[in-house]
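*Asks:* Please find the sequence and the predicted model below.
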Amino acid sequence: MAEANVIVLGAGLGGTIAAYEINEALKGKGSVTVVNNTEDYWFVPSNPWVAVGWREPDAIRVHLPPVMRKHGINFTAAGAKKVHPEKNAVELNDGKLLNYDYLVIATGPDLAFDEIEGFGPEAFTESVCQTNHAKKAHEVFEDLCVNPRPIVVGAVQGASCYGPAYEMAMILDTELKRRKIRDKVPMTFITPEPYIGHLGLDGVGDTKGLLESEMRDRHIKWITNAKVTSVEEGMCHVEEVNDDGSTKKTHDLPFGWAMMLPAFRGVDAVMGVEGLVNPRGFVITDKHQRNPKYPNVFGLGVCIAIPPVGPTPLPVGVPKTGFMIESMVTAIAQNLKEIVNGQEPTHEATWNAICLADFGDGGVAFVAKPQIPPRNTNWASEGKWVHLAKIGFEKYFLRKVRKGESEPFYEKLGLHVLGIKKLNFK
């Protein structure tokens, strides 16, 4: 019987570990090829540290070709131009066409900076979505420290990732205090969330109370239900809306440094492929992570379509957290193993969440089981231990990527790093 030819599209957090786990699951019965637009893996959760100079970019980089080669995984950094599911093929940017038996889409998102005038690292605001963005943000931050001015930080309407925004605000506060210039830098947090700590999940435990308390203690003002209408050099224009979406108040916020997380959408390689993605370009999947129209195509991570947890005055997306993504990876790897063996897929992702929000001198951790309510476990806690746990998380996950380890990691994080053994993550 011929080997199953599997292409993994993307080599971020989800795609990299998917390549390792699928390769292990199909050992002797399948080959894995990774298609990415760069040869490097970047540990994105550390980008807020890069933005204030606590990490150099190279410290969170893994050069993938030698690792993939060591484990018998094919790799190309040509990048995908277009997915052609009706032909079982991926068209690369270099003109080559790669055929597949099974495709796993793990591209991550396209960053929709262009949807707001003056928004993004090529305009007037910074970003921590990519490490090169965070490096530029650090350069601008150093200028701010020489000439202290206000900071605006947060997320814009349609965003579906809020943890890094809260982290960035608190880490900035910590670093500015260390430099003894916090008193010269007013800070405002803006977010489309209906309340602080919503996180796109309608809160987890008392994240509302915990995060509001942190912001009060750190003298960070906030605006919720905030819609960024435009940005110009040194000024962010915001509409604060009522529950019905009507304008409540307008704000013109001056800044010397601003970082707001953008809305996400699907990447160009899948955008507009009927039956594969929704109008926003996110991959449609069933409970087994398979696309209903093209059952030999799987999707995982930030690039898949998940409906919001409920109505909000402004669009607030659901985050795809690390544990959630890892559970999708394991489900896909085991389902592919079953399919290759002539069986029907049976595995489903657990979609549990363990999140560490580092504040530089402390932090908030939360566990949501499952991530989307109603939940069996709904827990949040705070303390200096969260900062130490985040450092351990970075260390162990980078080791996993560098060694090509296929063993799931996040359950270990929950049981050993956080030390909350009383919680059941199965």
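*Replies:* Arrived safely, thanks for sending. Numbers count the residues shown, from 1 in each chain.
*Asks:* all strands for the stretch 1-150 of the chain, in order.
*Replies:* 4-9, 30-35, 40-42, 61-63, 74-76, 80-84, 89-92, 97-99, 102-105, 110-111 (DSSP state E, counting those that start in this stretch).
*Asks:* tell me the most buried of these?
*Replies:* For those, the largest average neighbour count (mean count of other C-beta atoms under 10 Å) is found in strand 102-105, namely a mean of 27. (Glycine included, C-beta is placed from N, CA and C.)
*Asks:* Centre of the chain to stretch 172-180, how far?
*Replies:* 26 Å (C-alpha atoms, centre = their mean, to the nearest Å).
*Asks:* Need the CA coordinates for it. CSV is fine.
*Replies:* The C-alpha trace of stretch 172-180 is given here as CSV (Å, rounded to 0.1, in the frame of the first residue of the first chain):
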residue,chain,number,x,y,z
LEU,A,172,4.9,48.2,29.9
ASP,A,173,3.8,49.4,33.3
THR,A,174,6.4,47.1,35.0
GLU,A,175,9.3,48.2,32.7
LEU,A,176,8.4,51.9,32.9
LYS,A,177,8.5,51.6,36.7
ARG,A,178,11.9,50.0,36.5
ARG,A,179,13.1,52.9,34.5
LYS,A,180,11.5,55.3,37.0
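*Asks:* So for it, what gets flagged as buried?
*Replies:* 172, 173, 174, 175, 176 (16 or more other C-beta atoms under 10 Å).
*Asks:* Please identify which of the residues you listed is nearest to residue 271.
*Replies:* Closest to residue 271 out of those is residue 172 (34.1 Å), distances taken as C-beta to C-beta.
*Asks:* Helix or strand next in line after the helix or strand where that closest one lies, which one?
*Replies:* Following DSSP states H and E, one finds residue 172 within helix 163-178. Under the assignment DSSP H and E, the closest C-terminal helix or strand after helix 163-178 is strand 187-190.
*Asks:* low-scoring stretches of this protein, by residue?
*Replies:* Counting by pLDDT under 70, the chain has low-confidence residues at 1, 409-426.
*Asks:* What are the structural domain limits within it?
*Replies:* Split into domains by automatic domain parsing, the chain comes to 4-111+265-351, 113-262.
*Asks:* How far does the longest one stretch from one end to the other?
*Replies:* The straight-line separation of the ends of domain 4-111+265-351 (C-alpha to C-alpha, to the nearest Å) is 27 Å.
*Asks:* One more: the last one?
*Replies:* Across its full length, domain 113-262 reaches 6 Å end to end, with C-alpha to C-alpha as the criterion.
*Asks:* before we move on, which element is the nearest residue to residue 17 once chain neighbours are set aside in?
*Replies:* Among residues not flanking residue 17 along the chain, residue 329 sits closest, at 5.3 Å (C-beta to C-beta, 6 or more residues apart in numbering). Residue 329 belongs to helix 322-340 when assigned by DSSP H and E.
*Asks:* just checking, what packs against that helix?
*Replies:* If you count contacts as 3 or more C-beta pairs under 8 Å, 6 or more residues apart in numbering; DSSP states H and E, helix 322-340 packs onto strand 4-9, helix 13-25, strand 102-105, strand 297-299, strand 353-358, helix 410-412.
*Asks:* partners of the third one in the sheet?
*Replies:* It refers to strand 102-105. Paired strands of strand 102-105, with direction, are strand 4-9 (parallel), strand 297-299 (parallel) (DSSP bridges).
*Asks:* Need the contact partners of that strand.
*Replies:* Residues from elsewhere that reach strand 102-105 (C-beta atoms under 8 Å, 6 or more residues apart in numbering): 4-10, 15, 18, 22, 83, 85, 88, 90, 270, 283, 296-300, 303, 332, 336, 339.
*Asks:* Give me the distance between the helix holding residue 172 and the centre of its chain.
*Replies:* The answer for helix 163-178 is 18 Å, by C-alpha atoms, centre = their mean.
*Asks:* Just want the angle from it to strand 353-358.
*Replies:* Interaxial angle of helix 163-178 relative to strand 353-358 (axes from the mean of the first three to the mean of the last three C-alpha atoms, to 10 degrees): 20 degrees.
*Asks:* circling back: and of the strands paired with strand 102-105, who's closest to residue 156?
*Replies:* Of those, nearest to residue 156 by C-beta to C-beta is strand 297-299, at 24.6 Å.
*Asks:* Show me what that closest one is in contact with.
*Replies:* Outside strand 297-299, the residues that reach it (C-beta under 8 Å, 6+ apart) are 85, 102-106, 276, 283-285, 289-291, 332, 335-336.
*Asks:* hmm, back to that, ok, which of the helices and strands packed on helix 322-340 comes nearest residue 221?
*Replies:* strand 353-358 (19.1 Å).
*Asks:* Please verify my assumption that residue 191 contacts residue 227.
*Replies:* No: assessed by C-beta atoms under 8 Å, residue 191 is found out of contact with residue 227, at 10.3 Å.
*Asks:* In a markdown table: the helices and strands packed on helix 322-340, plus distance to residue 68.
*Replies:* Formatted as a markdown table, the helices and strands packed on helix 322-340 follow (distance: least, C-beta to C-beta, whole Å):
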| stretch | distance to residue 68 |
| --- | --- |
| strand 4-9 | 10 |
| helix 13-25 | 7 |
| strand 102-105 | 15 |
| strand 297-299 | 19 |
| strand 353-358 | 27 |
| helix 410-412 | 22 |
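*Asks:* Identify whichever of the ones you listed lies nearest to residue 94.
*Replies:* That would be strand 4-9 among the helices and strands packed on helix 322-340, by C-beta to C-beta, at 15.1 Å.
*Asks:* Just want the angle from that closest one to helix 13-25.
*Replies:* 170 degrees.
*Asks:* Look up which residues are beta-bridged to the closest residue to residue 386 other than its chain neighbours.
*Replies:* Spatial nearest neighbour of residue 386, chain neighbours left out: residue 363 (3.0 Å); criterion: C-beta to C-beta, 6+ apart. According to DSSP bridges, the partner residues bridging residue 363 are residue 358.
*Asks:* Enumerate every residue touching residue 363.
*Replies:* 167, 170, 356, 357, 382, 383, 384, 386, 387, 389, 390.
*Asks:* Could I have the buried ones of those as PyMOL selection syntax?
*Replies:* To isolate the buried members of the contacts of residue 363 in PyMOL, using 16+ other C-beta under 10 Å:
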select buried, resi 167+170+356+357+382+386+387+389+390
